[in-house]
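Novice: Give me a model of this one.
(one chain, ligands or ions: 1)
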Amino acid sequence: MRIAVVGAGVAGLAAARTVAIADHEVVVYETAGAVGGRVASRQLGPYLFDTGATSIAPRGKALEGAMLGELDTSDLVPLTKSVYTIQYGRISPGDTAKAKIQRYVYRSGNVRLPEMLAAGLDVRFATPVDRIREVDRCYEVAGERYEAVVVSAPIPETEEILASLGDPRRFANARYRPCLSVLLGYAVDAGDRPYHALLEPEQRHPLTWLSFESIKSPGRAPEGHTALVAQLSPVASVALFNDSDADIVAETSVHVARLLGEKFTQPEATSVVRWRYSQPETTALFDTVNRPGQRVVVASDGVMGGRVEYAYESGVMAARLLLEDPLAR
Ligand SMILES: Cc1cc2nc3c(=O)[nH]c(=O)nc-3n(C[C@H](O)[C@H](O)[C@H](O)COP(=O)(O)OP(=O)(O)OC[C@H]3O[C@@H](n4cnc5c(N)ncnc54)[C@H](O)[C@@H]3O)c2cc1C
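Specialist: Residues are numbered from 1 along each chain as shown. Here you go, the predicted structure:
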């Protein structure tokens, strides 16, 4: 069977890898110039940040077997510190049940995971797929013919791709929130803290998640420096989305300094990443969206849950649905 995969995020790569391991032919089309989608990392001078998923918790899903059993683990760091919460502008220990979940990061950036998943796959970069055509019981994607397609773009983009095919599937339940990730490097020591991140569960504070990149994985900032990623709440993200980077950084720095102290007023390295679709607030259901016998299958966190392990699971399930089709054998 010859299968096209649209999107080289974790869902698409999981699908492509499952297809390749089963000895079928697969080509991945990616609009960006790199793999990973919302698992992305960025170096700013001596500081290294994860701009999308800040940690990965496979929680017994298929991803666990891949991450811990099949892929290289030499770069993998199990997180030992927990997540504290921000309540009424103050820092306090978080939910103990959540603290027990084993989370991991990659020393060289979480993008290492999709890079390893993509190893050996035929990935065509800078190739957006905005339409699929059905021709002679095959599907034409970027001028080539395939017997089946996995579409793994975020759901609003997937809906448009399916509409080009006349596929009426709609995903009313899949709604994503936007998120601004603000990258901040400080020539200031964060000191020894019992947490690697702060969470504001009510999402009322403008900072909903503050990741201490240089605590979760030492080496992401020089000695005596601190690398932070501030993820803004949905309300703050919408309000500031089209503002300049300088304004977003200035606004965020004020909140960081209020929380961590005046020495965190002046970051020396800054950048802003705008995620229009960050994580789904609500998702569609994989089994409702995809039926046995369908040759165009949707894999995405938007049909399972807004986390890396769910995106991976959806990709594996999409591939299996196609490969288990009697016509595929
Ligand atoms: C700020 C932020 C923080 C997060 N934190 C965490 C966390 O700590 N832990 C966690 O588990 N998860 C986290 N997540 C969620 C996690 O990153 C996602 O659930 C997961 O990566 C989604 O993978 P995906 O493959 O479904 O989608 P994506 O990663 O979005 O992949 C889709 C790919 O399709 C490509 N594409 C889109 N349209 C087209 C087209 N027309 N043609 C070709 N290619 C196309 C895109 O460029 C992209 O590469 C976070 C996400 C964000 C944004």
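Novice: Stretch 209-217 spans what distance, first to last residue?
Specialist: From its first residue to its last, stretch 209-217 covers 17 Å (Cα to Cα, to the nearest Å).
Novice: Kindly apply the preceding question to stretch 302-313 instead.
Specialist: 12 Å.
Novice: can you tell if that stretch touches the ligand?
Specialist: Yes. Remark: stretch 302-313 sits within contact range of the ligand at 306, 307, 308, 311, by Cβ under 6 Å from any ligand atom. For the C-beta atoms, the positions are set from N, CA and C on the backbone; glycine is no exception.
Novice: can you list contacts of that stretch?
Specialist: 9-11, 14, 39, 53, 56-59, 61-64, 66, 113, 154-155, 158, 171, 174, 176, 278-280, 283-286, 289-290, 299-301, 314 (Cβ atoms under 8 Å, 6 or more residues apart in numbering).
Novice: Please tell me how far residue 19 sits from residue 319.
Specialist: From residue 19 across to residue 319, the span is 5 Å (Cβ to Cβ, to the nearest Å).
Novice: what residues do these two have in common as contacts?
Specialist: With Cβ under 8 Å, 6+ apart as the test, residue 19 and residue 319 both reach residue 3.
Novice: Show me the contacts of stretch 302-313 that map onto strands.
Specialist: Counting by DSSP state E, the contacts of stretch 302-313 place 176, 278, 279, 280 in strands.
Novice: looking at it, the second one is touching residue 178, isn't it?
Specialist: I take that to be residue 278. Yes. Counting by Cβ atoms under 8 Å, residue 278 does reach residue 178; the two are 6.1 Å apart.
Novice: For residue 92, state which of the residues of stretch 302-313 next to the ligand is nearest.
Specialist: Set against residue 92, the nearest of the residues of stretch 302-313 next to the ligand by Cβ to Cβ is residue 307 (24.3 Å).
Novice: Share the number of residues neighbouring that closest one, please.
Specialist: Applying the criterion other Cβ atoms under 10 Å, we find 20 residues in the vicinity of residue 307.
Novice: State the distance from it to residue 139.
Specialist: Distance, residue 307 to residue 139, using Cβ to Cβ: 29 Å.
Novice: Next, the contact list for the residue in the stretch 101-250 of the chain that the ligand sits nearest to, please.
Specialist: For the stretch 101-250 of the chain and the ligand, the shortest gap (Cβ to the nearest ligand atom) falls at residue 153, measuring 3.3 Å. Shown in contact with residue 153 (Cβ under 8 Å, 6+ apart): 6, 7, 161, 300.
Novice: Pull the most distant pair out of these.
Specialist: 161 and 300 (11.4 Å).
Novice: And those two? Which one has more around it.
Specialist: More crowded of residue 161 and residue 300, by other Cβ under 10 Å: residue 300, with 34 against 22.
Novice: Could you pull up the residues touching the more buried one?
Specialist: With Cβ under 8 Å, 6+ apart, residue 300 has these contacts: 7, 9, 11, 151, 152, 153, 154, 155, 158, 311, 314.
Novice: quick one: which helix or strand includes residue 255?
Specialist: helix 245-260 (DSSP states H and E).
Novice: how about that helix, does it get close to the ligand?
Specialist: No. Shown here: helix 245-260 not in contact with the ligand (Cβ under 6 Å from any ligand atom), separated by at least 13.7 Å.
Novice: sorry, back to before: what do residue 278 and residue 178 both touch?
Specialist: When contacts are counted by Cβ under 8 Å, 6+ apart, the set common to residue 278 and residue 178 consists of residue 237.
Novice: In terms of neighbours, single out the busier of those two.
Specialist: residue 278 (22 against 17).
Novice: number of nearby residues for the residue nearest to the more buried one when sequence neighbours are not counted?
Specialist: Leaving out its chain neighbours, the residue that sits closest to residue 278 by Cβ to Cβ, 6 or more residues apart in numbering is residue 179, at 3.5 Å. Residues lying near residue 179 (other Cβ under 10 Å) number 24.
Novice: The strand or helix carrying residue 179 - contacts with which helices or strands?
Specialist: Assessed by DSSP H and E, residue 179 sits inside strand 175-186. On a contact count with 3 or more Cβ pairs under 8 Å, 6 or more residues apart in numbering; DSSP states H and E, strand 175-186 meets strand 41-44, strand 47-50, strand 226-232, helix 234-240, helix 245-260, strand 269-282.
Novice: Many thanks, I have nothing further to ask.
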